[in-house]
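Q: The amino acid sequence is not available; the structure is as follows:
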């Protein structure tokens with residue numbers, strides 16, 4: 001009873017104040033990303049003492065970069081992490097990307113540093129490599145784990161400059177036994193300029209220890225080099241590495257593209273998932289799109305739950321986790337227009353995501369926009385937060401539309417308004433701000449896929465990918481190959497999901513739409529963006 005009372009009082013405080021909870025109130029919060037967010041804000045306050053800042057920092061669930069930056073600014077350092085791994089005091093630590101940059105600027109200075117640390121009785125595998133006449137040759141002298149650490153840690157620019165070499169069969173065999181090779185494969189295959197190591201990755205393989213993503217990317221790489229049989233082999237292996245329906249769909253779609261066997265389309269028809277692969281399969285077979293569930297409820301008050309309070313949402317997530325066998329009953333409590341996102345979130349879990357819910361909450365805030373703008377905002381919100389108004393990500397993207405704090409401040413400045421970050425938890429405010437940002441994005445990007453990339457990864461990220469020489473060009477397997485080779489995994493998957501959502505929402509809104517025309521138009525830059533002709 002006491003804990004419940006504390007929770008209610010805490011909820012009331014955040015609701016009534018709308019700004020920042022006190023030190024004591026933060027302490028009472030459940031350990032969560034939301035609590036971390038409030039700690040981050042508490043540490044950044046001018047009147048927070050160093051002692052209280054350090055104490056609050058110790059309560060965090062995830063010591064993110066933002067939290068570390070805030071505590072360093074407040075107390076002058078980042079408290080040490082408790083690590084069970086003992087560091088060798090003789091090992092001079094320098095990150096490969098730092099060493100690569102130092103070599104690029106002045107090899108003489110880097111050699112001087114290496115001589116200095118050796119005189120001190122220390123060593124550095126990284127400096128051993130980057131001070132060598134031939135860094136790649138020196139790299140191969142090191143243990144396999146160290147080789148992979150350096151290859152995975154170096155940025156693309158210095159990878160191309162120093163390590164753009166073919167991998168030997170012996171190296172590949174040794175690398176394949178290490179789980180970190182999965183990261184190396186991702187880096188090589190999604191970096192077009194690394195043609196020599198990319199070509200090395202077209203190898204014969206039976207069942208291997210690599211993960212789903214690596215086998216799938218090895219297939220995409222083989223396709224780039226027109227080795228279709230190798231690609232089919234890697235796709236077949238990839239299918240054994242997953243239990244996720246969406247990944248089965250991904251593999252089956254590509255197996256269809258490479259073989260033209262209709263049995264793969266039949267598999268896609270039977271899938272319970274709605275994604276770009278299953279939608280395209282239905283277009284090919286001239287089949288209607290699956291029916292989706294779009295609940296509509298009247299508004300009613302929900303006791304002890306404030307949709308704008310992240311702590312209420314954290315507490316509900318704890319309840320959901322404990323109520324796995326009673327989710328349908330729990331969902332009924334939230335059958336209200338204002339908690340529609342919460343209701344469908346719980347129902348999706350109850351049905352194990354086999355029932356496609358496409359809710360459309362807060363229509364009063366959306367109806368002022370044209371249909372396509374409504375569709376993209378709904379598509380993004382469904383992917384970003386599942387329409388949870390008080391959602392907070394690990395990077396502190398906030399609210400239903402998951403807008404970053406720096407962007408909230410920028411958009412507020414454009415409006416000539418001052419707004420506390422917590423106000424973005426009001427879904428109508430979030431929609432308004434997201435629409436404002438969308439005005440900017442759509443002034444440069446005309447295609448929902450590219451808009452999604454920019455919403456997630458930034459306009460600069462998207463511009464760079466579009467202006468590259470190898471992505472979204474005309475080709476036999478385009479635009480699908482380009483969509484699989486985006487070098488930032490989160491944006492790659494995000495874009496595909498938002499595009500599928502967009503198609504469904506357009507249809508719900510009364511605009512009969514198929515995915516095929518939107519995929520075909522990606523071959524014509526003048527119709528998709530302002531960055532290319």
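A: Yep, it's here. These numbers were taken from a predicted model, which means no experiment stands behind them.

Q: going forward, measure contacts and count neighbours with C-alpha atoms only.
A: Noted.

Q: What's the separation between residue 242 and residue 350?
A: 22 Å (Cα to Cα, to the nearest Å).

Q: Specify which residue of these two has the higher count of neighbours.
A: Between residue 242 and residue 350, counted using other Cα atoms under 10 Å, the more crowded position is residue 350 (21 against 14).

Q: Residue 405 and residue 399 touch, don't they?
A: No - distance between residue 405 and residue 399: 10.5 Å, which falls outside the contact criterion (Cα atoms under 8 Å).

Q: More neighbours: those two, which one.
A: Neighbours per residue, other Cα under 10 Å: of residue 405 and residue 399, the larger number sits with residue 399, 31 against 17.

Q: what sits against the more buried one?
A: 385, 388, 389, 390, 391, 392, 424, 425, 426, 427, 430 (Cα atoms under 8 Å, 6 or more residues apart in numbering).

Q: most neighbours, which of those?
A: residue 389 (30 neighbours).

Q: just checking, residue 176 touches residue 207?
A: No - between residue 176 and residue 207 there is no contact under Cα under 8 Å: 11.4 Å.

Q: Of the two, which one has the most company?
A: Taking neighbours as other Cα under 10 Å, residue 176 and residue 207 compare with residue 176 leading, 15 against 12.

Q: Next one: residue 395 from residue 119, what distance?
A: 42 Å.

Q: And the two? Which one has more around it.
A: Neighbours were counted for residue 395 and for residue 119 using other Cα under 10 Å; residue 395 has more, 15 against 10.

Q: Can you say which helix or strand has that one in it?
A: Per DSSP states H and E, residue 395 falls between elements, in no helix or strand.

Q: Could you pull up the contacting residues of it?
A: With Cα under 8 Å, 6+ apart, residue 395 has these contacts: 64, 66, 404.

Q: Run through the strands of the stretch 151-300 of the chain in chain order.
A: With DSSP state E, counting those that start in this stretch as the definition, the stretch 151-300 of the chain shows no strands.

Q: for it, what spans make up the helices?
A: Along the stretch 151-300 of the chain, the segments classed as helices by DSSP state H, counting those that start in this stretch run 156-163, 169-175, 181-189, 195-200, 212-224, 228-239, 245-259, 262-270, 276-284.

Q: Report the inter-axis angle for the last one versus helix 262-270.
A: Going back to what we said before, that points to helix 276-284. Interaxial angle, helix 276-284 versus helix 262-270 (axes from the mean of the first three to the mean of the last three Cα atoms, to 10 degrees): 110 degrees.

Q: Helix 245-259 and helix 276-284, what's the angle between them?
A: Counting by the same axes, to 10 degrees, helix 276-284 lies at 50 degrees to helix 245-259.

Q: Buried residues, the helix or strand following helix 276-284. List them.
A: Where DSSP H and E defines the elements, the next helix or strand beyond helix 276-284 is helix 310-322. Residues of helix 310-322 classed as buried by neighbour count (16 or more other Cα atoms under 10 Å): 310, 311, 312, 313, 314, 320.

Q: Let me have these in TSV, adding distance to residue 500 as columns.
A: Below are the buried residues of helix 310-322 laid out as TSV (distance: Cα to Cα, whole Å):
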residue	distance to residue 500
310	28
311	31
312	31
313	27
314	29
320	27
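
Q: Quick check: of the residues you listed, which lies closest to residue 31?
A: residue 314 (8.9 Å; Cα to Cα).

Q: Would you agree the closest one is in contact with residue 36?
A: No - contact criterion Cα under 8 Å: residue 314 and residue 36 do not qualify, at 11.8 Å.

Q: All the helices of the stretch 351-500 of the chain, in order from the start?
A: All helices of the stretch 351-500 of the chain, identified by DSSP H, counting those that start in this stretch, fall at 363-366, 371-385, 405-415, 427-444, 448-457, 459-466, 480-484, 489-508.

Q: what's the closest of those to residue 142?
A: Closest among these, using Cα to Cα: helix 489-508, at 29.4 Å.

Q: Touching the closest one from outside, list them.
A: Helix 489-508 is contacted from outside by 274-276, 279, 358, 371-372, 375-376, 378-380, 382-383, 448-450, 452-453, 456-457, 483-486, 512-515, using Cα under 8 Å, 6+ apart.

Q: could you give the angle of that helix to helix 459-466?
A: Calculated by the same axes, to 10 degrees, helix 489-508 forms an angle of 90 degrees with helix 459-466.

Q: Would you mind listing the buried residues in helix 489-508?
A: For helix 489-508, using 16+ other Cα under 10 Å, the buried residues are 491-492, 494-506, 508.

Q: What is the nearest of those to residue 172?
A: For the buried residues of helix 489-508, the minimum distance to residue 172 (Cα to Cα) is 26.6 Å, reached by residue 492.

Q: Centroid-wise, who is the farthest residue in the chain?
A: For the chain, the residue at maximal distance from the C-alpha centroid (Cα atoms, centre = their mean) is residue 119, at 44.6 Å.

Q: quick one: contacts for that one?
A: By Cα under 8 Å, 6+ apart, the contact set of residue 119 is empty.

Q: From residue 202, how far off is it?
A: 44 Å.

Q: Likewise for residue 242?
A: Distance of residue 242 to residue 202, computed by Cα to Cα: 22 Å.

Q: and if you look at residue 70?
A: Residue 70 is 46 Å from residue 202, by Cα to Cα.

Q: Have a look at those two and say which one is more surrounded.
A: Between residue 70 and residue 202, residue 70 has the larger neighbour count (other Cα under 10 Å), namely 23 against 18.
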